[in-house]
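Visitor: This is the structure alone, sequence omitted:
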């Protein structure tokens, strides 16, 4: 006889908790879940032992009464294998996954692509819109009226007001405000249009080639800015690119010149250039029609001052042929 081949015992049927509860209510939990008997090991025997083993291992016969008892104790099974609405072992109830089935994991969250903008998720009420800026709060600084400010100013006070002036937009691009320069008491007041690039750099009127030509012209008639001539401009700040002054710029700056005239009290005024002549005389006539004769200017104090109009030295540098007419204008001013 050889050794038997061992075989593992069959495990008890697997049921879920609900199935176990149903079996317990029917009184069949222990019967249904009882593990199956281990299989009989196979034994190889010889011919001599087979007869003896056969006689000893004959199973007893089952009587008819015992069979009836077993049939009565067994549960009734329908055609589809479900007894009394009870699923068989290993089969879950309707709507439930089979026992031992691993739970289905939720789909993984999709990570945003690299470089894609993150989306902020917020709860609660929507944010209030940002308040709109008030256009009135972003306006340019308030321009103080010049006429009232200079009404009672002395010459030194007037100079300080010109340096700090913001009455028009020319103050934003200037290097220096050009108040004026010259001798006192003043016999002649020479009035130009506006500072140029060199005047803006140095803060003095009529410098560079135009200033040199003007000094030569004054010297020819016995006058000097260091002794008896005061030189000023209608506009105290340089217009960008040496452009012509705008009417609003002339209107904003003219009170400074009027106060200079009232304080200096010149004997006569030599006006150089069209814009200066038009601003001082209150006319839109051309310089060709204004030059060569004497005009009268009445001040706020009631005083009349002779005014002579001539070409600007910068124009004479571009048009040398007009120097002869400018010389005639100087001689007219000197004869008065």
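Guide: All right, it came through fine. For clarity, every value in this text was computed on a predicted model and none was experimentally measured. Residues are numbered from 1 along each chain as shown.

Visitor: Do you know the pLDDT at residue 117?
Guide: The model reports residue 117 with a pLDDT of 44.

Visitor: Check residue 310 too.
Guide: Value for residue 310, per-residue pLDDT: 98.

Visitor: Contact partners for it?
Guide: Applying Cβ atoms under 8 Å, 6 or more residues apart in numbering, we find residue 310 in contact with 270-272, 291, 325-326, 329-330. To be clear about C-beta, it is placed using only N, CA and C from the backbone, and glycine gets the same treatment.

Visitor: Just the ones of those in strands?
Guide: 270-272 (DSSP state E).

Visitor: Please enumerate the strands of the protein.
Guide: 181-182, 188-192, 229-233, 268-272, 294-298, 304-310.

Visitor: For residue 168, which of these is the nearest?
Guide: strand 229-233 (13.9 Å; Cβ to Cβ).

Visitor: What is that closest one packed up against?
Guide: With contacts defined as 3 or more Cβ pairs under 8 Å, 6 or more residues apart in numbering; DSSP states H and E, strand 229-233 has these neighbours: strand 181-182, strand 188-192, helix 247-264.

Visitor: Just give the strands next to that strand in its sheet, each with its orientation.
Guide: strand 181-182 (antiparallel), strand 188-192 (parallel) (DSSP bridges).

Visitor: which residue sits closest to residue 331, ignoring its sequence neighbours?
Guide: residue 221 (7.0 Å; Cβ to Cβ, 6 or more residues apart in numbering).

Visitor: Quick check, that neighbour in contact with residue 335.
Guide: No. In this structure, residue 221 is not within contact of residue 335 by Cβ atoms under 8 Å, at 9.5 Å.

Visitor: of those two, who's got more company?
Guide: residue 221 (13 against 8; other Cβ atoms under 10 Å).

Visitor: Which pLDDT value belongs to that one?
Guide: pLDDT, read off for residue 221, is 95.

Visitor: quick one: contacts for it?
Guide: Residue 221 neighbours (Cβ under 8 Å, 6+ apart): 330-331, 333-334.

Visitor: same deal with residue 306?
Guide: Applying Cβ under 8 Å, 6+ apart, we find residue 306 in contact with 267-269, 294-297, 336.

Visitor: Compute the distance between it and residue 332, please.
Guide: 10 Å (Cβ to Cβ, to the nearest Å).

Visitor: what touches both of the two?
Guide: residue 294.

Visitor: follow-up on the earlier one: make a markdown table out of the helices and strands packed on strand 229-233 and add distance to residue 30.
Guide: Below are the helices and strands packed on strand 229-233 laid out as a markdown table (distance: least, Cβ to Cβ, whole Å):
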| stretch | distance to residue 30 |
| --- | --- |
| strand 181-182 | 126 |
| strand 188-192 | 125 |
| helix 247-264 | 111 |
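
Visitor: Comparing those, which stretch has the densest surroundings?
Guide: Comparing the helices and strands packed on strand 229-233 by mean neighbour count (mean count of other Cβ atoms under 10 Å), strand 188-192 ranks first with a mean of 26.

Visitor: count of neighbours near the residue nearest to residue 199 when sequence neighbours are not counted?
Guide: What sits nearest to residue 199 in space, not counting adjacent residues and going by Cβ to Cβ, 6+ apart, is residue 178, at 5.2 Å. Residue 178 sits with 28 neighbouring residues when counted by other Cβ under 10 Å.

Visitor: ok, residue 178 - contacts?
Guide: 195, 199-200, 203-205, 233, 236-238 are the contacts of residue 178 under Cβ under 8 Å, 6+ apart.
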